[in-house]
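Engineer: Below are the sequence and a predicted model for it; my questions follow.
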Amino acid sequence: MDFNTIIEGIEELPPLSDTAQVVDKLYANGAENVNIINLVRAIESDASLTVNILKMINAPYYGFSRKIASVSQAVTLFGTQIIYGLVIKFCIESSLVANLRPYGITSSQFNEISHLQSALMNQWYSKIDLRHAQFLTPLALIMETGKLVVSREIVKAGKIKEFQDGMRKTEDLIEFENEFFGTSSYFVTGTLFDYWNLEPIYADILKDLDFIPQDTSPQMEHYIKSLDIVRTAINVKNVLTQDSIAHACELIEDIGFDPDDFIHVTSRLKQKIKN
């Protein structure tokens, strides 16, 4: 099992659903130029997508005090950028069913991790820059998707135990992924975006998430480091633990921000999980 095997597995995947392709085209000129009426109609034309989006956004860690009952209400409250992430996440996972046993989690736990990452990014970064928070939140939501591809290939290769043993021993999961199959699951997520012709800037950021190229623009570098902070605090090995939050706060200080808001948001999310 190596990088080429993973790429071959991606190339065998079917196209995304018609709804996903329609929604993606609506974003062709940027999220700020999306026709809201057409977006709502496209989502509502797919009953399963509609139900799942409403289910996702009514999760307790998104912090809404009242139930969101319609797609139009969801778009108004969340904005078109975040709705894009929700649609793409659901459509990818509908096309790519995988056993996440190699990572020692269930599909339900995987979804919760993804949504916690999204909620953390949204609630923390909104206090820094609301516009950039709306851009980064869907990225945080979908950045773990490559683990579905990786897990499937590990299962096919019969290397579940070997991967699990290595994962338990490692302190750096990203480094271990690169050693085990020649890339990281985050790079695989970016490759998925390329394969399905989804938002190219998201693909670029995801593929550079582990190793920032020297010619990366300051803005792109900032996006990458902000995502790294979120995945440090919440990941498949550590979900808002004392150590993972402390490590994330060190990264926040490295980019010149005060970690107090981050600590406050993580405390609130931990409380939501307990409830």
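Structural biologist: Structure received.

Engineer: alpha carbons only for contacts and neighbour counts from here, please
Structural biologist: Fine.

Engineer: ok, and what's touching the helix or strand hosting Gly9?
Structural biologist: Assessed by DSSP states H and E, Gly9 sits inside helix 3-11. Helix 3-11 is contacted by residues Val149, Val150, Glu153, Phe181, Gly182, Thr183, Leu192, Tyr195 when judged by C-alpha atoms under 8 Å, 6 or more residues apart in numbering.

Engineer: and Ala20, how many residues sit next to it?
Structural biologist: Ala20 has 23 neighbours, counted by other C-alpha atoms under 10 Å.

Engineer: Which strands and helices lie in contact with the helix or strand hosting it?
Structural biologist: In the assignment (DSSP H and E), Ala20 maps to helix 18-26. Packing partners of helix 18-26 (3 or more C-alpha pairs under 8 Å, 6 or more residues apart in numbering; DSSP states H and E): helix 36-44, helix 80-95.

Engineer: Out of those helices, which is closest to Asp228?
Structural biologist: Nearest to Asp228 among those is helix 80-95; the distance by C-alpha to C-alpha comes to 17.8 Å.

Engineer: helices and strands around the helix or strand following the closest one, which ones?
Structural biologist: On the C-terminal side of helix 80-95, the nearest following helix or strand under DSSP H and E is helix 107-125. With contacts defined as 3+ C-alpha pairs under 8 Å, 6+ apart, the packing partners of helix 107-125 are helix 130-142, helix 218-233, helix 260-274.

Engineer: now these in CSV, with mean pLDDT?
Structural biologist: As requested, the helices and strands packed on helix 107-125 are arranged in CSV below (pLDDT from 0 to 100):
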stretch, mean pLDDT
helix 130-142, 90
helix 218-233, 96
helix 260-274, 90
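
Engineer: Return the most buried member of these.
Structural biologist: Looking across these with neighbours counted as mean count of other C-alpha atoms under 10 Å, the highest average goes to helix 130-142: a mean of 22.

Engineer: Whichever helix or strand comes after that one - contacts with which helices or strands?
Structural biologist: Next helix or strand after helix 130-142 toward the C-terminus (DSSP H and E): helix 146-156. Counting contacts by 3+ C-alpha pairs under 8 Å, 6+ apart, helix 146-156 packs against helix 3-11, helix 185-195.

Engineer: What average pLDDT does stretch 19-27 get?
Structural biologist: Averaged over stretch 19-27, pLDDT sits at 88.

Engineer: export it as PDB, just CAs?
Structural biologist: What follows is stretch 19-27, C-alpha atoms only, in PDB (Å, rounded to 0.1, in the frame of the first residue of the first chain):
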ATOM      1  CA  THR A  19     -27.200  17.900  -6.500                       C
ATOM      2  CA  ALA A  20     -23.600  18.300  -5.400                       C
ATOM      3  CA  GLN A  21     -22.600  19.200  -9.000                       C
ATOM      4  CA  VAL A  22     -25.500  21.700  -9.200                       C
ATOM      5  CA  VAL A  23     -24.600  23.300  -5.900                       C
ATOM      6  CA  ASP A  24     -20.900  23.500  -6.800                       C
ATOM      7  CA  LYS A  25     -21.800  25.300 -10.100                       C
ATOM      8  CA  LEU A  26     -23.800  27.900  -8.100                       C
ATOM      9  CA  TYR A  27     -20.500  28.800  -6.300                       C
END
